[in-house]
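Peer 1: fold the following for me, if possible:
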Amino acid sequence: MKIKQLIMSAALFAALAVIIGAFSSHALKQQLSAKELQWIATATNYQQFHALALLAVALLMLCKGKSKLLMLSSYAFVVGIILFSGSLYFLAFSSSTALVYLTPLGGVAFIIAWLALFCAAAGSQFNLEHK
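Peer 2: Model (predicted):
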């Protein structure tokens, strides 16, 4: 994926988190249970937080260049958002548990993303120090 696409994806994920969060807390407040609203709140919080992390990784690549670890981090953030938040949205809006096992896989993707970013910063992939 190109850096421009990563930045656009981050912006879209962040916008969707706001839209879904606002829509569920206002328009669907009477239709959804407290538990379903909590699932959506969790999903939107994680989606927003990790959309910003994806944006940071994309901007880091823009400044320092792409690396395998940064690409892994960006892809893992995307997968994590889709699996973690997406499965919670599905659960809340459909009351079906068909995708409930994807939620922890999304969590694992988030962990991989953060660890790949850590390894990229700790390794010799790029120099973060100003000269």
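Peer 1: all contacts plus neighbour counts: C-alpha atoms, from now on.
Peer 2: Will do.
Peer 1: which secondary structure elements does the longest helix along the chain contact?
Peer 2: Across the chain, the longest stretch assigned as helix under DSSP state H is helix 34-64. With contacts taken as 3 or more C-alpha pairs under 8 Å, 6 or more residues apart in numbering; DSSP states H and E, helix 34-64 sits against helix 3-26, helix 68-80, helix 86-94.
Peer 1: tell me which of the ones you listed sits most buried.
Peer 2: Among the helices and strands packed on helix 34-64, helix 68-80 has the highest mean neighbour count (mean count of other C-alpha atoms under 10 Å), at a mean of 23.
Peer 1: what's in contact with that helix?
Peer 2: 6, 50-51, 53-54, 57-58, 61, 105-110, 112-117, 119-120 (C-alpha atoms under 8 Å, 6 or more residues apart in numbering).
Peer 1: how much space separates residue 102 from residue 90?
Peer 2: 11 Å (C-alpha to C-alpha, to the nearest Å).
Peer 1: how far off centre is stretch 69-84?
Peer 2: Here stretch 69-84 is found 7 Å from its chain centre; the criterion is C-alpha atoms, centre = their mean, to the nearest Å.
Peer 1: okay, it in CSV with CA atoms only?
Peer 2: Provided in CSV are the C-alpha atoms of stretch 69-84 (Å, rounded to 0.1, in the frame of the first residue of the first chain):
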residue,chain,number,x,y,z
LEU,A,69,8.7,-3.2,9.9
LEU,A,70,6.8,0.0,9.3
MET,A,71,4.8,-1.6,6.5
LEU,A,72,4.0,-4.5,8.8
SER,A,73,2.9,-2.1,11.5
SER,A,74,0.6,-0.2,9.1
TYR,A,75,-0.9,-3.4,7.7
ALA,A,76,-1.4,-4.8,11.2
PHE,A,77,-3.1,-1.6,12.3
VAL,A,78,-5.5,-1.8,9.4
VAL,A,79,-6.2,-5.5,10.0
GLY,A,80,-6.7,-4.8,13.7
ILE,A,81,-9.2,-2.1,13.1
ILE,A,82,-11.2,-4.2,10.7
LEU,A,83,-11.2,-7.3,12.8
PHE,A,84,-11.4,-5.9,16.3
